[in-house]
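>>> Just to be clear, the model below is a prediction. Sequence and coordinates:
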Amino acid sequence: MRLTLQDRLFVLTGAGISAESGLATFRGSGGLWNGYRVEEVATPEAWEADPELVWRFYSMRRRDALAAQPNAAHLALARIEDKLGDRFYLCTQNVDDLHERAGSRRIHHMHGTLFQSRCVRCNKPFPDQSFYETLDLPTCKTCASPIRPHIVWFGEIPLNMDAIYRELDRATTLLVVGTSGSVYPAAGFVDIANRRGIRTIYIGPEEPLNTHAFDDIILSLATQALPSMIELVP
Ligand code: OAD
C-alpha cells in the first residue's frame, strides 16, 4: 500500500484489530457470551426484556477493555495518522477505546462506545466507566428514565453515517482491517469504494465474507501487516 502526497486514506477496523490485545472477536468466540448469542444481548428487544442482563454483558466488556492495552496495529494506525494528518480518517466498528489510547484522533465509533452511557429519554451521551451488575440499575438524574449503554444494537442505525459517507466520497484508498464483512452497512463500504474506482485493501488472517470485492487481500495478523505500512506513507 504505497501512498502518495495526494492520497486520502479511509480505514475501517473491526474486532480483529483488538484480538491481539486479548479482546474476543464476535464470530471467533462463536458469537456466544455465557451461553447467549450476541444478538440476544445486543438488541433493543433484549433491553426491553432484561436490562439487567444487557448491563451485565456491557459491564463485563467494560472490564475486559479496561484491562486490555493497545497493540502494535493500533499504534501503527496512529503513526500513519501522524504522517497523513487530515488526509486520514478512521472509522471503527469497535466499541473499545484502544485506538484512542494508541493515539488516534480522527476516529469515529460507528457502533458507539463502551465508556459512554445515555438516558433513553434525554439521549445525551455522557462518560461512564461504571459496572452495573446488580438489580440496582442506573437512572437519569434529570428525568429518572433508565440509563442504557451508548452502543448501537442490532436493528439500530449506526452513528453519524453522513460523515462516514462524506469521508468515503473523498478517500483515494480504503483499508479494511479485521472485520468479517458480515454486518452492514460497514460491510458495504468496499462496494461504495469500488463504485468510485478507488483502491481497496483488506488485512486479516482469513478472507472476509466480501473478499471478492477487494483489490488486495493481505492474509496476515494486523500486528504483523500494519507496522510495515508506516514507512510506505510519505
Ligand atoms: P467479527 O468477529 O465478525 O470478525 C472479526 C474478524 O477479525 C474475522 O474476520 C477474523 O478473521 C479477523 N481477525 C481475527 N484476528 C485478527 C488479527 N489478529 N488481525 C486481524 N484480523 C483478525 O467482528 P466484526 O466484523 O468487527 O456489531 O463484527 C462486526 C460487528 O458485528 C460488530 O461491530 C458488532 C458485531 O455484532 C454490533 O455490536 C452492532
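Thanks, I have it. Just so you know, these numbers come straight off a predicted model, no measurement behind them. Residues are numbered from 1 along each chain as shown.

>>> make it CA atoms for all contacts and neighbour counts henceforth
Noted.

>>> list the contacts for L209?
Contacts here follow C-alpha atoms under 8 Å, 6 or more residues apart in numbering; on that basis L209 touches S180, G181, S182.

>>> JSON lines for the residues you listed, including secondary structure, distance to D128 and pLDDT?
As requested, these are exported to JSON lines (DSSP: H, G, I helix; E, B strand; the rest coil; distance: C-alpha to C-alpha, whole Å; pLDDT from 0 to 100):
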{"residue": "S180", "secondary structure": "coil", "distance to D128": "29", "pLDDT": "95"}
{"residue": "G181", "secondary structure": "coil", "distance to D128": "30", "pLDDT": "96"}
{"residue": "S182", "secondary structure": "coil", "distance to D128": "29", "pLDDT": "92"}
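
>>> Check which element follows the helix or strand A73 falls within along the chain.
Assigned by DSSP states H and E, A73 belongs to helix 72-84. Once helix 72-84 ends, the next helix or strand along the chain (criterion: DSSP H and E) is strand 88-92.

>>> Please save the CA atoms from that next one in PDB.
Coordinates of each C-alpha in strand 88-92 appear next as PDB, following Å, rounded to 0.1, in the frame of the first residue of the first chain:
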ATOM      1  CA  PHE A  88      -6.600  10.200   7.300                       C
ATOM      2  CA  TYR A  89     -10.000   9.000   8.700                       C
ATOM      3  CA  LEU A  90     -10.600   6.100  11.000                       C
ATOM      4  CA  CYS A  91     -14.000   4.500  11.200                       C
ATOM      5  CA  THR A  92     -14.200   1.700  13.700                       C
END
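
>>> how big is the angle separating that strand from helix 72-84?
150 degrees (axes from the mean of the first three to the mean of the last three C-alpha atoms, to 10 degrees).

>>> tell me which residues in the very next helix or strand once past strand 88-92 are buried?
Remark: after strand 88-92, the chain's next helix or strand is helix 98-102, criterion DSSP H and E. Buried residues in helix 98-102, counted by 16 or more other C-alpha atoms under 10 Å: L98, H99, A102.

>>> quick one on the thing from earlier: what does the helix holding A73 contact?
Residues external to helix 72-84 that are found in contact with it (C-alpha under 8 Å, 6+ apart): 8, 17-18, 88-89, 98-99, 102-106, 222-227, 229-230, 233-234.

>>> Show me what counts as buried in that helix.
Here helix 72-84 shows A72, A73, H74, L75, A76, L77, A78, R79, I80, E81, L84 as buried, counting by 16+ other C-alpha under 10 Å.

>>> quick one: which of the residues you listed is nearest the ligand?
A73 (8.2 Å; C-alpha to the nearest ligand atom).

>>> Once you drop chain neighbours, what's closest to that closest one?
Once flanking residues are discounted, A73 sits nearest to T223: 4.5 Å by C-alpha to C-alpha, 6 or more residues apart in numbering.

>>> can I assume that neighbour sits in a helix?
Yes - with DSSP: H, G, I helix; E, B strand; the rest coil as the criterion, T223 is part of a helix.

>>> Just to check, it is in contact with P70?
No - if you go by C-alpha atoms under 8 Å, T223 and P70 don't touch, sitting 10.5 Å apart.

>>> element containing C122, please.
Going by DSSP H and E, C122 is not in any helix or strand.

>>> That one - how many residues pack around it?
Applying other C-alpha atoms under 10 Å, we find 12 other residues in the vicinity of C122.

>>> ok, it - contacts?
C143.

>>> Kindly state the pLDDT recorded for it?
pLDDT for C122: 96.

>>> Kindly report the same for D7.
89.

>>> Name every strand pairing with the lengthiest strand in the chain and say which way it goes.
In terms of residue count, the longest strand belonging to the chain (DSSP state E) is strand 112-119. Taking DSSP bridges as the criterion, strand 112-119 sits next to strand 125-127 (antiparallel), strand 147-151 (antiparallel) in its sheet.

>>> Lovely, talk soon.
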